[in-house]
Structure formats: C-alpha cells, structure tokens
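Engineer: based on what follows, work out the 3D shape:
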Amino acid sequence: MLLALAGCKTVDIKESMIIRPDALTQARPLPQQAFENGTALEVARPDGAVLHGVLVTRNGAERTLLYFGGNAFHLDESGRHVVAALEGCKANVAIFDYRGYGRSSGMPTVANMKGDGVAIYDVLAARYPGNVIVHGQSLGSFVAAGVAQERPVRGLVLETTATNALDWANNSLPWYFKPFINFKVDDALAAIDNVQVAGSIKAPLLVLAGGEDKTTPAAMSQRVFEASPAEHKRIVILPGAGHNSVLSNPSTTAALCPFIEG
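Structural biologist: All right, here's what the predicted structure looks like:
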C-alpha cells in the first residue's frame, strides 16, 4: 500500500550488486582441498591477475570438460561435488576460481570474466585440441556461452541459465511489487544476454534446467535453447530439481555423459 501511494520506483541493478568477490564480502580463505588425480593449473592474465584451478584426469578420457560455476563459486568449497557428480562420465574435468574468489587473484567484472574464460579455454585446447567442452552453471552459463561464441568448442552445456540480467531481476521480484518497481540494468550487465549469444553459436548444445528452479526458471532455459541454430541440440528439464541441484540429480548423467563423450 505504501509503495502504491509513493508511486513507481526505479531500482538500478549494478554489476557490483551481483559480482561480489571475497575482498568485498570479507570471506575467510578456504582450506585448499586435494583432488584425486588432480593437477594444479595456473593462467596469468595481462593485467596481473592469476587464475588458479585444478585439472582432474581420468584414465581413457578423450574429452575434457571445462566447468564454470555459479555466482560466488569457490573451487575449494564446491569443486569436489562437481567432480563427484561427473564421475560417471569418461572425461577430464577442469575447474577454476573466478578472479577475486578463492585461489585466484584480481578483481572481477563481467568483461574480464569472459576474457578469463577464453584464456583458460585456450590453455586447455592447446593440451586437448578439438576435445574441450565448456559447461556453465547459472552465472557461469554466461561465461561458458561467451567462450563458445569466441572459440570452436566441441560442445556447450548451459545449466540453469538465465536469459539476461533484466529478466533475472524481474523474476526475483514478487508479483505484488511489479506494478510499482522498474529495474534499470547498468551497461555492463545489459551487455550479457544468453538468448542473443546462443543465436550465434552452432556448436552442439545441451541445456539443463530444473523443474523447480525459482531463481532461473526453466522457461528461461527454453528461450535460450530455442534461440540456438545448432544442428545438434537438446534441452532436459529435470522434475523436482532446483537451481543448485541439477548437476547432482541422479537423472542428469544419463543426458550429460553421452553428450560429453560423443
């Protein structure tokens, strides 16, 4: 009622409101986790930032999956869960901390996160030419799609992807506030749109969505999927799965592993 009396309000959505590195949140350093068959990877960037990650190798694997986690993803917090979820797939797995998070130095922005993703891909592609699949979850889906737009990836996996920042913000608003609040997205965030980017990617595409995802509903994934001109593409909506439980869903590997190994 107060909002109605006050009239409409415009809320600015800034890059710094979404991307919040450890220095801003004052997050404590996490104990460094060991990964079985894991090798430390390091990618130095021109501005001085150093990206740190892990490559987990598996006997007989021909493919390598480069995984980009969601917002505030930390390798030493969630990396082993990712590796465990992909255990049934015959693929190496590479995971990095975004700059400014966990093991990696620097300060993240939308622009340099995409550039970092391409640089990491290039290192892996030099080692495994023609055999690197990129996989992004939530915020990481924008990074993964950006890499696929710039490089000839073997395949692209988008997990719980959003369409764009404005759609995400509007979805987060309860219906009873929507008549009174307008969102304005800053230029850095407005520049990312997975519907638009997907329209320029012809690599094989697998879209994974959660039927109970309230953060990035499956309808967003469907729009991204429909925009893709890829000859080989598939969307899988997992009933009962939420925003952060798609990869660990028992039904996921039945779709994901053949896509990676194919």
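Engineer: only C-alpha atoms, please: export stretch 181-194 in PDB.
Structural biologist: Once non-C-alpha atoms are left out, stretch 181-194 reads as follows in PDB (Å, rounded to 0.1, in the frame of the first residue of the first chain):
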ATOM      1  CA  ILE A 181       9.100  -1.100  -9.300                       C
ATOM      2  CA  ASN A 182      11.100  -0.800 -12.500                       C
ATOM      3  CA  PHE A 183      14.600  -2.100 -12.900                       C
ATOM      4  CA  LYS A 184      17.300  -0.400 -14.700                       C
ATOM      5  CA  VAL A 185      20.300  -2.500 -15.600                       C
ATOM      6  CA  ASP A 186      23.700  -0.900 -16.000                       C
ATOM      7  CA  ASP A 187      25.600  -1.100 -19.300                       C
ATOM      8  CA  ALA A 188      28.000  -3.900 -18.100                       C
ATOM      9  CA  LEU A 189      25.100  -6.200 -17.200                       C
ATOM     10  CA  ALA A 190      23.000  -5.200 -20.100                       C
ATOM     11  CA  ALA A 191      25.700  -6.400 -22.400                       C
ATOM     12  CA  ILE A 192      25.200 -10.000 -21.400                       C
ATOM     13  CA  ASP A 193      22.200 -11.900 -23.000                       C
ATOM     14  CA  ASN A 194      22.300 -15.600 -23.500                       C
END
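Engineer: give the buried residues for that stretch.
Structural biologist: Counting neighbours by 16 or more other C-beta atoms under 10 Å, one finds that the buried residues in stretch 181-194 are 183, 185, 188-189, 191-194. (C-beta placed from N, C-alpha, C; glycine too.)
Engineer: so which of those residues belong to helices?
Structural biologist: With helices defined by DSSP state H, the entries of the buried residues of stretch 181-194 inside them are 188-189, 194.
Engineer: what segments of this structure are helices?
Structural biologist: Assignment of helices within the chain using DSSP H yields the ranges 2-6, 15-18, 22-25, 75-85, 110-127, 139-150, 165-172, 187-190, 194-198, 218-227, 252-261.
Engineer: nearest spatial neighbour of the residue nearest the centre of the chain, skipping sequence neighbours?
Structural biologist: What sits nearest the mean C-alpha location of the chain, by C-alpha atoms, centre = their mean, is residue 140, with 1.5 Å. The shortest distance from residue 140 to any non-neighbouring residue, by C-beta to C-beta, 6 or more residues apart in numbering, is to residue 68 (3.3 Å).
Engineer: now do residue 152
Structural biologist: Closest residue to residue 152 in three dimensions, ignoring its sequence neighbours and counting by C-beta to C-beta, 6+ apart: residue 203, at 7.3 Å.
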